[in-house]
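Student: My questions concern the predicted model and sequence given below.
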Amino acid sequence: MEQDKVLKKAIRIRRSESLPYGFDKKVMHQVFRAAEQKKKRSFILGLSLISMVSAVMIVLAVFILTYYFSFSMHLTLPQISNSPETKTLFGFSCYIAIVILALLGMDGYFRSLRKKRHEKHS
Amino acid sequence: MKYQHEIDYIRRIRDGETNLFSYFIDRYSRPIHSLIVQIITNREDAEELTQDTFVKAFRKLDSFKGDCSFSTWLYRIAYNTAISATRKRKTLFPILDEKILENITEETVDSFLDREDDEELLQKLEQAIDYLNTEEKALITLYYMEEKTVNDVASILGMSTDNVKVKLFRVRKNLYAWIKNKENGTR
């Protein structure tokens, strides 16, 4: 096909439009966005997988303890009782745990907000 | 060597060095755009599809096995992206009568396309290329303009090498027939 030089020339002339200025930057911006989405997706996937495995392990542990070892809370740990005092203590512990989780969440949120602002300025 | 260099870049991008992808954009955006612009005549659409090609390539980078060069893999994505866009539009292309093509010999086409400095022929060829279908346009762009081997063209277009060779001869015959038809004022 060496002799088809005229055809080669015709194809070259036919569409000699070039890409606009800043095309590379525009594509890279989209690529970075896709990378971010990819990261988020893999994080969510990992988290879901860990949660699922943990849930399965807990269910399995309860099932084995109850049905294979005939584990009974009252027989094995009689010192743990369902008195009103322990119930209040349990409620208070739950409240503290929720407050800590909320504070940690807020800390994470404000940190990411600060980071984003910092990136924007730089 | 260049191939190995690109493999190394791909491995690093997969490991999180996203900014290295700019090397591939810089290296291949023009040839990829040239291919798409031959298939999609609209300039804005061609630019958008070139962009889509690179974003798709980045998203699918994990599926790149390295059994072909990165450029061949990228061209395949570009071709499929452009073809999908043309399918949505359902563009119709004129078809030549098989009998006309059968009567054209290889020697006639060879001597016809051998005139390199014939400006008139050049103009006629430019117009005749428009009559080719998307696959044929991609075929000649990859083979003549991007100077890809028959094997690479076959891999990009998802054809056998024999099929590519047959289609290349057929495209040349088609172009000759379109030009002659126009000269004779018949279709």
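Tutor: Nice, I can see it. Since the model is a prediction, treat every value here as computed from it, not as a measurement.
Student: Tell me the pLDDT of residue 106.
Tutor: All of this is about chain A. pLDDT, A:Met106: 97.
Student: that's the other chain; I wanted chain B
Tutor: The model reports B:Glu106 with a pLDDT of 77.
Student: pretty sure it contacts B:Leu168?
Tutor: No. Using CB atoms under 8 Å, B:Glu106 is not in contact with B:Leu168; the gap is 11.5 Å. For the C-beta atoms, the positions are set from N, CA and C on the backbone; glycine is no exception.
Student: any idea how far the least confident helix or strand in chain A by mean pLDDT is from the chain center?
Tutor: In chain A, no helix or strand scores lower on mean pLDDT, DSSP states H and E than helix A:73-76, which sits at a mean of 72. Here the centre of helix A:73-76 is set off from its chain's centre by 39 Å, with CA atoms, centre = their mean, to the nearest Å.
Student: So, low pLDDT: which residues of the chain?
Tutor: By default, I'm working from chain A. A:1-3, A:15-17, A:80-82, A:122 (pLDDT under 70).
Student: my bad, the chain I had in mind was chain B
Tutor: Where chain B drops to pLDDT under 70, the residues are B:1-2, B:89-94, B:96-97, B:101, B:116, B:185-187.
Student: Give me the neighbour count for whichever residue of it sits closest to chain A.
Tutor: As assessed by CB to the nearest CB, chain A sits closest to B:Leu125 within chain B, at 3.8 Å. Using other CB atoms under 10 Å in any protein chain shown, the number of residues around B:Leu125 comes to 24.
Student: Need the nearest residue in space to it, chain neighbours excluded.
Tutor: Leaving out its chain neighbours, the residue that sits closest to B:Leu125 by CB to CB, 6 or more residues apart in numbering or on different chains is A:Ala10, at 3.8 Å.
Student: who are the neighbours in contact with the one you found?
Tutor: A:Ala10 is in contact with B:Leu122, B:Leu125, B:Glu126, B:Ile129, counting by CB atoms under 8 Å, 6 or more residues apart in numbering or on different chains.
Student: Scan those residues and report the most crowded one.
Tutor: Using other CB under 10 Å as the neighbour test, the contacts of A:Ala10 are led by B:Leu125, with 24 neighbours.
Student: Surely it and B:Arg172 touch.
Tutor: No. Under the criterion of CB under 8 Å, B:Leu125 makes no contact with B:Arg172, lying 10.4 Å away.
Student: shared neighbours, the two?
Tutor: Applying CB under 8 Å, 6+ apart, one finds that B:Leu125 and B:Arg172 are jointly contacted by A:Leu7.
Student: element containing the residue nearest the centre of chain B, please.
Tutor: Nearest to the centroid of the C-alpha atoms of chain B, with distances taken as CA atoms, centre = their mean, sits B:Ala138, at 2.4 Å. Assessed by DSSP states H and E, B:Ala138 sits inside helix B:134-140.
Student: possible to save the contacts of A:Ala10 as CSV with secondary structure?
Tutor: Listed next are those as CSV, based on DSSP: H, G, I helix; E, B strand; the rest coil:
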residue, secondary structure
B:Leu122, helix
B:Leu125, helix
B:Glu126, helix
B:Ile129, helix
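Student: and which of those residues is nearest to A:Ile44?
Tutor: For the contacts of A:Ala10, the minimum distance to A:Ile44 (CB to CB) is 48.1 Å, reached by B:Ile129.
Student: State the number of residues packed around the closest residue to that closest one other than its chain neighbours.
Tutor: Spatial nearest neighbour of B:Ile129, chain neighbours left out: A:Arg14 (5.9 Å); criterion: CB to CB, 6+ apart. For A:Arg14, the count of nearby residues is 20 (other CB under 10 Å).
Student: Show me where the chain has its helices.
Tutor: The chain I'm using is chain A. Under the criterion DSSP state H, helices of chain A are mapped to A:5-14, A:23-63, A:73-76, A:84-121.
Student: I was thinking of chain B, sorry if that wasn't clear
Tutor: Going by DSSP H, chain B shows helices at B:2-14, B:21-39, B:43-59, B:70-89, B:98-102, B:106-112, B:119-129, B:134-140, B:150-157, B:161-184.
Student: got the contact list for the first one?
Tutor: With contacts defined as CB under 8 Å, 6+ apart, helix B:2-14 is touched by B:Leu20, B:Phe21, B:Tyr23, B:Phe24, B:Phe58, B:Leu61, B:Asp62, B:Phe64, B:Gly66, B:Ser69, B:Phe70.
Student: mind putting the helices of chain B in a markdown table, distance to A:Lys38 included?
Tutor: Listed next are the helices of chain B as a markdown table, based on distance: least, CB to CB, whole Å:
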| stretch | distance to A:Lys38 |
| --- | --- |
| helix B:2-14 | 10 |
| helix B:21-39 | 12 |
| helix B:43-59 | 7 |
| helix B:70-89 | 17 |
| helix B:98-102 | 49 |
| helix B:106-112 | 49 |
| helix B:119-129 | 39 |
| helix B:134-140 | 29 |
| helix B:150-157 | 26 |
| helix B:161-184 | 35 |
